[in-house]
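Engineer: Everything below, folded, please.
(4 chains)
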Amino acid sequence: MSNPDLLYSEVEQDLRASVRAVLTDHCPPSAVLARLESDEPCDLGVWRTLAAELGVAGLHVPEDRGGHGASVRETAVVLEELGRSVAPVPFLGSTVLATTALLACDSDLVGDLAAGTTTAALAIPLTTAPGSACPTTVSVGEDGLLSGRVTSVVDARAAEFFVVPATGPALYAVRADAPGVTVAEVVSLDMTRRIADVSLASTPGVLLASGDRAEAAVREAVRVGAGLLASEQVGIAEWCLEETVRYVKERHQFGRPVGSFQAVKHRLADLWLELVCARATARYAADALACGSPDADVAVALAQSECAELAVRAAEEAIQLHGGIGMTWEHPAHLALKRAKIDQLAFGTGGEHRMTLGHMVHLPMDIPSLAQT
Amino acid sequence: MSNPDLLYSEVEQDLRASVRAVLTDHCPPSAVLARLESDEPCDLGVWRTLAAELGVAGLHVPEDRGGHGASVRETAVVLEELGRSVAPVPFLGSTVLATTALLACDSDLVGDLAAGTTTAALAIPLTTAPGSACPTTVSVGEDGLLSGRVTSVVDARAAEFFVVPATGPALYAVRADAPGVTVAEVVSLDMTRRIADVSLASTPGVLLASGDRAEAAVREAVRVGAGLLASEQVGIAEWCLEETVRYVKERHQFGRPVGSFQAVKHRLADLWLELVCARATARYAADALACGSPDADVAVALAQSECAELAVRAAEEAIQLHGGIGMTWEHPAHLALKRAKIDQLAFGTGGEHRMTLGHMVHLPMDIPSLAQT
Amino acid sequence: MDAEEVRGRVRDLLAAHDPLDTERVAFLRARFDAGLAWVHFPAGLGGLDAPRSLQPVVDAELAAAGAPDNDPRRIGIGLGMAAPTVLAYGTDEQKRRFLRPLWTGEEVWCQLFSEPGAGSDLAALGTRAVRDGDDWVVTGQKVWTSSAHTARWAILIARTDPDVPKHKGITYFVCDMTAPGVEVRPLRQITGEAEFNEVFLTEVRIPDAHRLGPVGAGWQVARTTLMNERVAIGGTSVPREGGMIGIVADTWRERPELRTPELHSRLVKLWARAEALRLAGVRLRQQLAAGDPGPEGSGMKLAFARLAQDLSGFEVELLREEGLRYDDWTLRRPEKVDFNGRGAGYRYLRAKGNSIEGGTSEILRNIIAERVLGLPTEPRTDSERAWKDLPR
Amino acid sequence: MDAEEVRGRVRDLLAAHDPLDTERVAFLRARFDAGLAWVHFPAGLGGLDAPRSLQPVVDAELAAAGAPDNDPRRIGIGLGMAAPTVLAYGTDEQKRRFLRPLWTGEEVWCQLFSEPGAGSDLAALGTRAVRDGDDWVVTGQKVWTSSAHTARWAILIARTDPDVPKHKGITYFVCDMTAPGVEVRPLRQITGEAEFNEVFLTEVRIPDAHRLGPVGAGWQVARTTLMNERVAIGGTSVPREGGMIGIVADTWRERPELRTPELHSRLVKLWARAEALRLAGVRLRQQLAAGDPGPEGSGMKLAFARLAQDLSGFEVELLREEGLRYDDWTLRRPEKVDFNGRGAGYRYLRAKGNSIEGGTSEILRNIIAERVLGLPTEPRTDSERAWKDLPR
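Structural biologist: Residues are numbered from 1 along each chain as shown, chains lettered A, B, ... in the order given. Have a look, this model is predicted:
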């Protein structure tokens, strides 16, 4: 907390440039739009390039475990770029959630994920918030087989295996092609990051951790997920602001650029300023998680509080200031809106994070005057 | 609720015109400003004209009790005008609060108040909210004398007698010049409507009502106070909007009227629209109170929810859009700001009223997820 | 003409054409011919030259008798926009030809006004109409056209003179949607639906007899159309919790597990705003009824859009995990918007259009600022220059 | 020049002038003469032509030795605005005359820029300066002048040519506040205090030798002054809860009886905004330290003003009955603003000025939109016309 580094390092800037170049070339809005209603939710070609060639899947994995020995700061920078492009790749489910959980239980499976040769998903609802109880809708039978159902698992369709919290508590690895596994895709609000309901019926799994260790692994994955998602939200907001600025500079109405109208200018200036503040919180969260700061829980809750709603607001302003064109399916603005809206729900809403934040910074919610009523 | 009359009748419009004419002539901003630091908080000359000549003090008092037999709808119209001018007259304390309480306990004292020949104050803190427990900081001794202290009593300095809730519960009339009465004026944020702490020490009083009847009288006074204050808040907001529109039409910067800048125009348009909605709620509250509608409690809470914050916002926008001149003591904008801000606190804040409202319209606040923590 | 006389006409109509025995269109034609379509229209054109306030009397009597109506929501553009314009500017021949099938619903109308480059600044439109003998030859692209795929006729504005300032070189036409060169393509929206269409006009020939109003006077004619559009908005009365707030409030009541204190504060605030806006609408209608419309109407659409957006955004948040889902992305072509029959995600996305369609909220704020508050206009650079010289 | 060399100079100064033994002004003069006032200034003018980054070294060493400082908050306008401008545009004679007593605090400076008719549009100012022999004769009214009643000198801009466009007819002067014709009146604010003054100038004679920069170049000179004003803002580092949020959070913690669920939601939101803004400030200073200032600084004042206003408004609401009261309406003339030493009502009222003084929030939004986002300027009507012909 005393001396956080809130800047982007040169290495991080280089990483950003590489990721952006790949996404610009291979994942333009037209490609994302074309995939929306296809049966292949993820763009595995782009994912291979990012994960295997650029190595983004192993940034925060130590070198001796098959990764690049960087930190979640770098992972956060990748998320900013993924937020800008809403690229349909399983980064959140596999690299952020499953990898973090596996790292926390010292599993060897992390190596393949870090190399980008395998993808996994953490079988929890995407809306699970940091600090909430470990989901245990999957139970272990007397025969040691797993049964149960987990709803709203992100990036489930692309996963070759699942990291599954189960009663015990315990954490299992389950192959997606194991007997009894069903992955039922639901109609997602954000078709660039789909969710699915995962069911297990007497399915064999490999025990990864049990007891407190299993719980701690899931908790850490959710905390890192929430903290880093703020960077994706910053990326979304940044793209919305840039695109809108570009559009209102070009679009003429009443004989002048729409962006020369003062009300439009002031709204965009306000949005820019909110983005400046939100970015500082997202960087702070990434840095605090990377350093294992004692303030990391506060940093995560703060970042979600500020970034979740900003991304939604930025996308809503983008739609409005694009006028009719922003309401069309062909224009990518709605991709940002839908991503921003589901990100607002992911890992707890801004309001839920503020509730946690208030508790952590000693702003108690207990209301004596209500106790009487 | 089925058929509220939300318009201003012709009689009400005539009343408004008369009150506005008196206030324009006798109570311009310069006069209000000059009185701010004087030792005479109320302008008794203006008050006599309004109360005795125009009869505003007896509008909602039945004719057989010395009033004009109109209703609180008309009283609300007077409050709109008093909000516009922030005239320092004891209308709220005497005509709204004390008169309503006396009407509810059938006291003969109401006649003098209605005639405008006497003024009174209801000895409760101005921040008492509808539905809250009847304040009982004054106790009745075995000798029947009253002792205790009531803070933040509005219009106390001008009062010739007080209507005092006491333990029992009971309601007493106490002459301001009775033995043991001290009226200690405090430094008020709004110097046009000052408050004072009223202390009684073995003071004689006349019993007005006791038991449920006493409580009901105070409750009704607070409810009517809250409901009608919304009209004052509408008046404040209306004045702020009008003055600001006038100013930005005249004030030139960059070779054009400030009011031709789109950001300014849009903000004022938004404010106007909020005023349109707030006015509907204030009229609804006045009408519901006048008719004894079963929806009156909802109407009052709704009106306070919408009008309290609007008046503050309108005054804040007025200050900002007046630029430096609005920050000066000589300009009346700060009078509106201070009145709006204390009105926000009077009879409960908007937030408190929304809490009540949620309860009344069956939007429960009990949160099962919190019960566990 | 008073209410009693009008009731007499209704009785005569019902006597001659028993609604239970008469084919729907035949009944509607008879009703039109009896002057009971819109009583304030001229005799012979569906009306009786009677006060507009007598129309509800007719509607109520006919509804009570089980008579069919003309499904007004399906033909809203014809009824609300085309008809008053044809009446105000049409020739006798045009009025006779168009109004009857318009009103009976036999001919659906659409509106060809907006263009990709002319949205808020409608008068900047670039669709060209060039005179050729007795015809005009029209080429250009229109957008945001609802009902284009079912419409027989369109009201169309096009540029007939690019060498004069933009408001002065526009002419107003009735366009036959079945004419060669008219191509309609569905325009898909962010909801997945295609409520609207793009309409491409390629050398479409419109006879000069289908021109409405003088050459070059199209902007004034269009103002009549648009004024009638605005009047139509916000005119309906709803009970408390009658709108989107009712759905959200019910979810709150029925699903305690979704509640948090922060959401409670926000919900009650939204409830209060919804109720305040509803009361403002009640007050507006009371003003209208008292013959003193006031300027409040200008703001209703703006306030409704903001409320619908805030409410639907709140609803998705309230639902949490369920909010991640959508009901259906299938490309559909609905004839009417139904906010309440779909899921929260649909409401959220569709409500974004409320502040764009039919005049953006930015334009509405300009209108309030200038026409209601009397604030000065911005310096204009486009009013006096020839259309062809404007930057775009 | 490196840190070690600078430390040597400090040791020499301290050896020659023991701060515990030397009279305050004498010590400050000696420090100035030793080039340790502002090390990046030229030698002979209080500096050493050294990098600006060495100044903190000097300040720290001297503070450790118990040396007096020049009370920088009391003479902020001189240090922050007048000195850089005199350095950039003054003659050698002017620099020698003004900088030393300015820095030592023997002569206080104030700023005569704003006028009642020229606030945001400062270049529209109307105070006239007419040449008369070796003097200029100045007449006009200035406003929002802090320290005018204690100041010896003022930086002043006045109109020397009304026949050219407004930015071109302005000249920049140093005005003697003790000269005949200068009248200072306290300007009371809504807080009851008079932090500022109105200054009436009636045929005040300013020698041409006190002109800064060429005749007619006053606007460029003033930009130097204003740029330095903006740099000064938002540069200080505060700990978490270091600002107004700390006061409010402590009230919440200490007074449970004031709490409601709605206020809790709002308080935590404000806390998060305050902390986000604080972190944005930390990030900004890290960027500056890394030699890459970025545009973020433009927004800090704007965000701070909004936060201070929201927080102080919240605080009054939180206090309820106590919020009805004010601490003191007495007309006072404070030399510095102290937000935290007064009551909630004072904070609420004083914070209203944060979005007006030193550039309104509206002007700051224009600046962000144009200079940071690159959005186009609005059509201007006032840039090319002679000042005297402008509407006002």
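
Engineer: Would you state the strands of chain A in chain order?
Structural biologist: A:120-122, A:138-140, A:146-154, A:161-166, A:170-175, A:182-185, A:195-203, A:206-210, A:252-253, A:256-257 (DSSP state E).

Engineer: Could you export the third one as PDB, keeping only the C-alpha atoms?
Structural biologist: Included here for strand A:146-154 are C-alpha records, laid out as PDB according to Å, rounded to 0.1, in the frame of the first residue of the first chain:
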ATOM      1  CA  LEU A 146     -18.700 -36.600  -8.800                       C
ATOM      2  CA  SER A 147     -22.300 -35.600  -9.500                       C
ATOM      3  CA  GLY A 148     -24.000 -32.300  -9.600                       C
ATOM      4  CA  ARG A 149     -24.500 -29.200 -11.700                       C
ATOM      5  CA  VAL A 150     -22.700 -25.900 -11.900                       C
ATOM      6  CA  THR A 151     -24.500 -23.100 -13.700                       C
ATOM      7  CA  SER A 152     -23.000 -20.200 -15.700                       C
ATOM      8  CA  VAL A 153     -19.500 -21.500 -16.100                       C
ATOM      9  CA  VAL A 154     -17.500 -19.100 -18.200                       C
END
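
Engineer: buried set for that strand?
Structural biologist: Within strand A:146-154, the residues scored as buried using 16 or more other C-beta atoms under 10 Å in any protein chain shown are A:146-148, A:150-154. All C-beta atoms are positioned from the backbone trio N, CA, C, and that covers glycine.

Engineer: Can you give the distance from stretch C:343-356 to the centre of its chain?
Structural biologist: Stretch C:343-356 has its C-alpha centroid displaced from the chain centroid by 18 Å (C-alpha atoms, centre = their mean, to the nearest Å).

Engineer: let me redo that: stretch A:127-145
Structural biologist: The chain centroid and the centroid of stretch A:127-145 are separated by 21 Å, computed with C-alpha atoms, centre = their mean.

Engineer: so, in contact with chain B or not, it?
Structural biologist: No - using C-beta under 8 Å from any C-beta of the partner chain, no contact is recorded between stretch A:127-145 and chain B, whose separation bottoms out at 9.6 Å.

Engineer: Show me what counts as buried in that stretch.
Structural biologist: In stretch A:127-145, the ones that count as buried by 16+ other C-beta under 10 Å are A:127-132, A:134-138, A:140, A:145.

Engineer: Just the terminal-to-terminal distance for that stretch.
Structural biologist: Looking at stretch A:127-145, the gap from its leading to its trailing residue is 26 Å under the measure C-alpha to C-alpha, to the nearest Å.

Engineer: quick one on the thing from earlier: could I get the strands of chain A as TSV with distance to chain D and mean pLDDT?
Structural biologist: Supplementary listing: the strands of chain A in TSV, determined by distance: least, C-beta to the nearest C-beta, whole Å; pLDDT from 0 to 100:
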stretch	distance to chain D	mean pLDDT
strand A:120-122	27	98
strand A:138-140	34	96
strand A:146-154	26	98
strand A:161-166	30	98
strand A:170-175	32	98
strand A:182-185	36	96
strand A:195-203	28	98
strand A:206-210	34	97
strand A:252-253	10	94
strand A:256-257	5	94
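
Engineer: Distance check, the closest residue to chain C within the stretch 201-350 of chain A against C:Leu288.
Structural biologist: Closest to chain C within the stretch 201-350 of chain A is A:Gly255: 2.8 Å, counting by C-beta to the nearest C-beta. Taking C-beta to C-beta, to the nearest Å as the measure, A:Gly255 falls 36 Å from C:Leu288.

Engineer: Give me the more crowded residue out of those two.
Structural biologist: Each of A:Gly255 and C:Leu288 had its neighbours counted (other C-beta atoms under 10 Å in any protein chain shown), and the higher figure belongs to A:Gly255 (19 against 15).

Engineer: Is it correct that the more buried one is in contact with C:Leu390?
Structural biologist: Yes - judged on C-beta atoms under 8 Å, A:Gly255 makes contact with C:Leu390 at a distance of 4.9 Å.

Engineer: List the residues that are in contact with both of the two.
Structural biologist: Counting by C-beta atoms under 8 Å, 6 or more residues apart in numbering or on different chains, the shared contacts of A:Gly255 and C:Leu390 are C:124, C:382.

Engineer: just the strands in the stretch 1-150 of chain C please.
Structural biologist: Counting by DSSP state E, counting those that start in this stretch, the stretch 1-150 of chain C forms strands over residues C:109-112, C:128-132, C:135-146, given from the N-terminal end onward.

Engineer: excluding its backbone neighbours, what's nearest C:Asp132?
Structural biologist: C:Arg205 (7.7 Å; C-beta to C-beta, 6 or more residues apart in numbering or on different chains).

Engineer: Just the element for that neighbour, please.
Structural biologist: Here C:Arg205 is covered by strand C:196-207, with elements defined by DSSP states H and E.

Engineer: Check which helices and strands the following helix or strand past that strand is in contact with.
Structural biologist: Past strand C:196-207, further along toward the C-terminus, the next helix or strand under DSSP H and E is strand C:211-212. Contacts of strand C:211-212 with other secondary structure elements, assessed using 3 or more C-beta pairs under 8 Å, 6 or more residues apart in numbering or on different chains; DSSP states H and E, are made with helix C:83-89, strand C:170-176.

Engineer: Can you name the element that comes right after strand C:211-212?
Structural biologist: Counting by DSSP H and E, the next helix or strand C-terminal to strand C:211-212 is helix C:218-232.
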